[in-house]
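Student: model this:
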Amino acid sequence: MRMGRWVCSLALAAVAAVQAPAAFGACCYFSAKNADILQPAQKVFINWDPVEKIESFTVQPKFEGNALDFGMVIPTPSQPKLHEMPRDFFKHLAIYSILKKREFPHSKLLPIVRLERAALAGAPMAKSAPSNDKNGRADRPKVIVLEAGVVGSLDYKIISADRADDLFQWLKDHKYSYSGDEATLDHYIQKKWLFTVMKIDTAQMKRNKDGSFAGEVTPTRFRFASEKLVYPLKITQISVKDKTEALFYVQAPHKVDLQGDMTYQYTWVPMLQAAMGCTPDGLPGKGVVWLKAIEGRIPVLLQRARDLGFNFVSGQRPQPNPKGHIPTTMEWARKLTAEDIAILKGEAPFGEKVPNVDEGFTQADLKDMQRAQAIYKVIRARLEKARQERPFGYLVREAPAEDVRALQQLAGHLQAGLFITKFRKIFARDEMNDDLLIVPARHNDQEDVSEYQEILPTSPP
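Tutor: Sure, this is the predicted structure:
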């Protein structure tokens, strides 16, 4: 399949493995002759400081293909600083954002009473030199290498160009072969964005039986000045046949969302409504506060979703509408606290443990009727104590102990007092005509501060 699941802001490039004319593989790929590179998945972690106007994003593309080496081109609105991130950074994020589920203690030994578990459910932008020739062209190199270096195992160059044709020629001269949409790169050149070109060595990747390669590169963080929280989505369009999938983690002082009809409210609001009345202590994470705040606007919101063909079905992934568009889904959201950081450092438990009310007893202990009655009394007392301590159940999530210990690698990257919003969007090609603006989560004038860190029920337990 030619279409990758998600290539976000990356224009993929295959560096010529042989010095021969390159055949273009797919859209924005730079492909060596008879070689191709696919990007089936990508995850993105974004950090946004709206006061200092500093954005950073960390990307870890997954690649498949048969080029001996290749690269990726990443546009940014100003000159970035590059930093290597932990190789399993996104695995740690996935572990930490596991949704919790509510569980209640139950006994396997009581003959009648069995409580079943319930899941409720910094650099300024480069400036052009003054023009001083008849054609208005600057008397300076057509393409400027602003910085070159190595981050992790990746060679990179940060370049600027005033014209797309000059950039194309530079890529060709440096053994990149490009046959994509010139207008797309010109889109960024006109905005005076810069380009980071990174070379990837497939020796780091697994070789398949057919000789092709597959693997993930070390995550790299790009930190740069930006007036808005923007993600360069348009460059992805030329790499996509019909759709591409994105998984975002965004850390900011507030919860975030996508603009207009890309909002996740078309799925979040009906999901909260479906869970109303199913949780004994009400909706968790200020869900009921959010529904109350926009109560008068909910019918309009849901009608708009229906007009778009977004039909919410509880417990199911959203399906495409007649145009092939799929609504965004919010998958985890929380304003981090000191307790969250303590969990990362191993100073607080990853999840609550449901007490074993049968501890110390076995089925063999029940053979004596008199002893069995005494054991039943102890078990019932333990159950009652658990009900009093956690009347709405224990919030449980589990992961291998080794993975929980490895969460320490997130310490320093996640910060107490900031909101992390995790959301997924499958972009159809016609939804990628411009770069992606990520905005504060709100509906009309109401700010959304609702959290999502435990499984919501879809029907009463």
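Student: Tell me where the stretch 151-300 of the chain is predicted with low confidence.
Tutor: Within the stretch 151-300 of the chain, the ranges that satisfy pLDDT under 70 run 175-181, 200-208, 210-217, 238-240, 280-281.
Student: quick one: the helices in it?
Tutor: Assigned by DSSP state H, counting those that start in this stretch, the helices in the stretch 151-300 of the chain fall at 164-173, 182-190, 234-237, 265-275, 287-293, 298-307.
Student: any chance of these in TSV, with distance to Arg390 and mean neighbour count too?
Tutor: For the C-beta atoms, the positions are set from N, CA and C on the backbone; glycine is no exception. Shown next, in TSV, are those (distance: least, C-beta to C-beta, whole Å; neighbours: other C-beta atoms under 10 Å):
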stretch	distance to Arg390	mean neighbour count
helix 164-173	61	17
helix 182-190	53	18
helix 234-237	46	25
helix 265-275	19	21
helix 287-293	20	17
helix 298-307	32	14
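Student: Output these as CSV; include the columns distance to Ile158.
Tutor: As requested, the helices of the stretch 151-300 of the chain are exported to CSV (distance: least, C-beta to C-beta, whole Å):
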stretch, distance to Ile158
helix 164-173, 13
helix 182-190, 13
helix 234-237, 16
helix 265-275, 37
helix 287-293, 42
helix 298-307, 42
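Student: Out of those helices, which is closest to Gln316?
Tutor: With C-beta to C-beta as the criterion, Gln316 lies closest to helix 265-275 of the helices of the stretch 151-300 of the chain, at 10.4 Å.
Student: What lies in contact with that closest one?
Tutor: Helix 265-275 has contacts (C-beta atoms under 8 Å, 6 or more residues apart in numbering) with 121, 257, 283, 287-288, 290-291, 294, 298, 301-302, 304-305, 308, 310, 312, 314, 318, 327-330, 443, 448, 450, 452, 456-458.
Student: contacting residues for Lys323?
Tutor: Contacts of Lys323 (C-beta under 8 Å, 6+ apart): Gly309, Ala428, Asp430.
Student: Please identify, among the residues you listed, the one with the most neighbours.
Tutor: Among the contacts of Lys323, Ala428 has the most neighbours (other C-beta atoms under 10 Å), with 16 neighbours.
Student: In this structure that residue contacts Asn321, no?
Tutor: No: assessed by C-beta atoms under 8 Å, Ala428 is found out of contact with Asn321, at 9.7 Å.
Student: so the closest residue to Val151 other than its chain neighbours, which of the three states?
Tutor: Nearest non-adjacent residue to Val151, counting by C-beta to C-beta, 6 or more residues apart in numbering: Leu82, 4.4 Å away. Three-state assignment for Leu82 (DSSP: H, G, I helix; E, B strand; the rest coil): strand.
Student: Who is Leu82 paired with across the strands?
Tutor: Assessed by DSSP bridges, Leu82 has beta-bridge partners Phe222.
Student: any idea of the pLDDT on it?
Tutor: Model confidence at Leu82, given as pLDDT, is 94.
Student: Can you report how many residues lie near Lys228?
Tutor: 13.
Student: Please look at it and Leu437 and confirm they touch.
Tutor: Yes: judged on C-beta under 8 Å, Lys228 makes contact with Leu437 at a distance of 6.2 Å.
Student: follow-up on the earlier one: from the contacts of Lys323, which single one is nearest Ala183?
Tutor: Of these, the one sitting nearest to Ala183 (C-beta to C-beta) turns out to be Asp430, at 15.7 Å.
Student: Which residue, neighbours along the chain excluded, lies closest to that closest one?
Tutor: Spatial nearest neighbour of Asp430, excluding adjacent residues (C-beta to C-beta, 6+ apart): Lys323 at 7.7 Å.
Student: which residues touch Ala338?
Tutor: Here Ala338 is in contact with Ala416 (C-beta under 8 Å, 6+ apart).
Student: rerun that using 10 Å as the cut-off
Tutor: Glu347, Ala348, Ala416, Gly417 (C-beta atoms under 10 Å, 6 or more residues apart in numbering).
Student: how far away is it from Phe419?
Tutor: Plainly put, Ala338 is 15 Å away from Phe419 if you go by C-beta to C-beta, to the nearest Å.
Student: Report the distance from the helix ranked longest in the chain to the chain centre.
Tutor: In the chain, taking DSSP state H as the definition, the longest helix is helix 369-389. In terms of C-alpha atoms, centre = their mean, to the nearest Å, the centre of helix 369-389 is found 46 Å from the chain centre.
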